[in-house]
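> okay, here's the prediction I keep looking at, along with the sequence it came from:
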Amino acid sequence: MASVSCNEDVRMTARHWAALIGLTLAAFIFNTSEFVPIGLLSDIARDFGKTESETGLLISVYAWCVALLSLPLMILASRMEMRRLMLCLAGAFAAFQCLSWASGSYAMLMASRVGVACCHSVFWSIVSPMAVRIVPSGHKAMALSTIATGSAVAMIVGLPLGRAVGLLLGWRMTFLSVAGVAALALVFMSVTLPPLPSEGRFSVRRLPSLLSNRALVLLYAFTAIWVVGYYTAYSYIEPFLGQVVALDEHHVTMSLMLFGVAGIIGGQVFARLYGRGPLRFISVMAVLMALCLALLLPFASCVWAVWVVFLVWGMSTTACNIAQQSELIAMTSASDTAVAMSIYSGIFNLGIGTGAAVGGVVCAVASVDFIGFAGLCWSAVAIVLWFSALRPAIRRQGRAW
């Protein structure tokens, strides 16, 4: 199969779309797997005789492994042809999901999740750069929003469906189902993905040069703090909905689905509005997320108000995340993008793990009621960093307004 051309005036063809859909399907299943424990937290805890706070370590340890391994694994894999690398990742991912299904102890489940985290470490480092390479250059924003849509659909279909399968057949069957879909994604991508030669092996010696970009370093700092704020609240949203909002199992699942709907909306909002004013766009989305965290508890007495908050929260978070990735790609050369994205992925997951841990402390020491306010504190720091340092640094590069 010939490599896909990336000329500005080339229109999207069936081959472009098929390759992009393959990556989107992979993003869907990887994202489903990452957050499935959130929807099954109570059941897994009950099965292994753990507290919800202890079981939440499945989320934290997974994220911390990604944070630690993203850069070294991506450097090791940087010379590998990207299509082959993606197919290897999908195969290993499916195998570790089977191990999760077979887990007879909490330690074995944790080990299988660490294996999945290794696959995740490289996957999210390469999927966005691959997406912008397999489409014509005039469609890069659309490619990024499509990958984000795959992640968002995981919240609508994957996570709630995984939760439903877990409630009906047991949480183990959820992991086995994820393995099955991953196998289908592997077959589809083997047919549709074009060859994508590596941009060359990345040497550790190039890191100082990469990190000398002040705007990039500030973007990493902003991302870390911003993600901690989001996941301090989101990691424990299931017990919050059940205990504070007093929803039954059915309405908890519906509420989780709203995040996915909001994510799709966020992807479309990004595709349509980001190019009109990138810095203004990120500013608005970051402030909207903080506002939603502030309103989480005050609106808890009204289910409809909570759902409105969820829609805005999910939309703004997805849109802001894609915008940050777009800024990163614009800041780096083609040969550095995958490694820069691996650092981003690592920092993002460090934020997830730290946020889950902070949320666990809030639940254990105070109450699940206050996860929104705890997340707001971190989000406020991120906003201050954005307006005081990162936004001016990007302006000085003359790329955005």
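Received it, and whenever you're ready, just let me know what you need. Note that this is a predicted model, so its numbers are computed, not measured. Numbering: from 1, shown residues only.
> can you pull the buried residues of whichever strand or helix holds residue 124?
Using DSSP states H and E, residue 124 maps to helix 106-133. Neighbour counts over helix 106-133 (16 or more other C-beta atoms under 10 Å) mark 106, 109, 112-133 as buried. Just so you know, the C-beta spots here come from the backbone N, C-alpha and C atoms, and that holds for glycine as well.
> and it, what does it pack against?
If contacts are counted by 3 or more C-beta pairs under 8 Å, 6 or more residues apart in numbering; DSSP states H and E, helix 106-133 sits against helix 14-39, helix 41-48, helix 57-77, helix 82-102, helix 140-153, helix 303-331, helix 334-361.
> closest one to residue 237 among those?
helix 14-39 (7.2 Å; C-beta to C-beta).
> low pLDDT regions in the chain?
The model of the chain has pLDDT under 70 over residues 1-10, 152, 155-160, 163, 199-206, 334-335, 398-401.
> again, only using 50
The chain contains residues with pLDDT under 50 at 1-9, 400-401.
> how near is the residue lying closest to residue 92 once chain neighbours are set aside to residue 29?
Spatial nearest neighbour of residue 92, chain neighbours left out: residue 119 (5.2 Å); criterion: C-beta to C-beta, 6 or more residues apart in numbering. Applying C-beta to C-beta, to the nearest Å, the value for residue 119 to residue 29 is 11 Å.
> overlap in contacts, those two.
Common neighbours of residue 119 and residue 29, using C-beta atoms under 8 Å, 6 or more residues apart in numbering, are residue 93.
> what angle sits between the helix or strand harbouring residue 165 and helix 140-153?
According to DSSP H and E, residue 165 maps onto helix 159-169. Counting by axes from the mean of the first three to the mean of the last three C-alpha atoms, to 10 degrees, helix 159-169 lies at 20 degrees to helix 140-153.
> tell me who's in contact with residue 353.
59, 60, 61, 62, 63, 64, 67.
> go with 6 Å
Residue 353 sits next to 60, 63, 64 when contact means C-beta atoms under 6 Å, 6 or more residues apart in numbering.
> which residue sits closest to it in space, ignoring its chain neighbours?
Residue 353's closest residue in space is residue 63 (C-beta to C-beta, 6+ apart), at 3.3 Å.
> wait, that neighbour sits on residue 351?
No - using C-beta atoms under 6 Å, residue 63 makes no contact with residue 351, being 7.8 Å away.
> which of these two has more neighbours?
residue 63 (27 against 24; other C-beta atoms under 10 Å).
> ok, that one - contacts?
349, 352, 353.
> OK, contacts around the first one?
If I follow you right, that is residue 349. Neighbour list for residue 349: 63, 66, 67 [criterion: C-beta under 6 Å, 6+ apart].
> now the second one: how far from residue 372?
Okay, so that is residue 66. Distance from residue 66 to residue 372, by C-beta to C-beta: 25 Å.
> could you do the first one as well?
Distance of residue 63 to residue 372, given as C-beta to C-beta: 20 Å.
> same deal with residue 142?
Counting by C-beta to C-beta, the gap from residue 142 to residue 372 is 33 Å.
> repeat that for residue 84.
With C-beta to C-beta as the criterion, residue 84 and residue 372 are 44 Å apart.
> what does residue 312 give?
In terms of C-beta to C-beta, residue 312 sits 13 Å off from residue 372.
> which strand or helix spans residue 259?
helix 249-273.
> just want the angle from that helix to helix 41-48.
130 degrees.
> show me what the helix or strand that helix 249-273 is followed by is packed against.
The C-terminal neighbour of helix 249-273 among helices and strands, as given by DSSP H and E, is helix 278-295. Where contact means 3 or more C-beta pairs under 6 Å, 6 or more residues apart in numbering; DSSP states H and E, helix 278-295 is packed against helix 303-331, helix 371-385.
> would you mind getting the angle between helix 278-295 and helix 249-273?
Using the same axes, to 10 degrees: helix 278-295 against helix 249-273 is 160 degrees.
> list the buried ones in helix 278-295?
Those buried within helix 278-295 under the rule 16+ other C-beta under 10 Å are 278-279, 281-290, 292-295.
> burial of the closest residue to residue 281 other than its chain neighbours, as a residue count?
Nearest residue to residue 281, sequence neighbours excluded (C-beta to C-beta, 6+ apart): residue 274, at 4.9 Å. Other residues lying near residue 274 total 22 when counted by other C-beta under 10 Å.
> can you check residue 209 too?
Neighbour tally, residue 209, other C-beta under 10 Å: 9.
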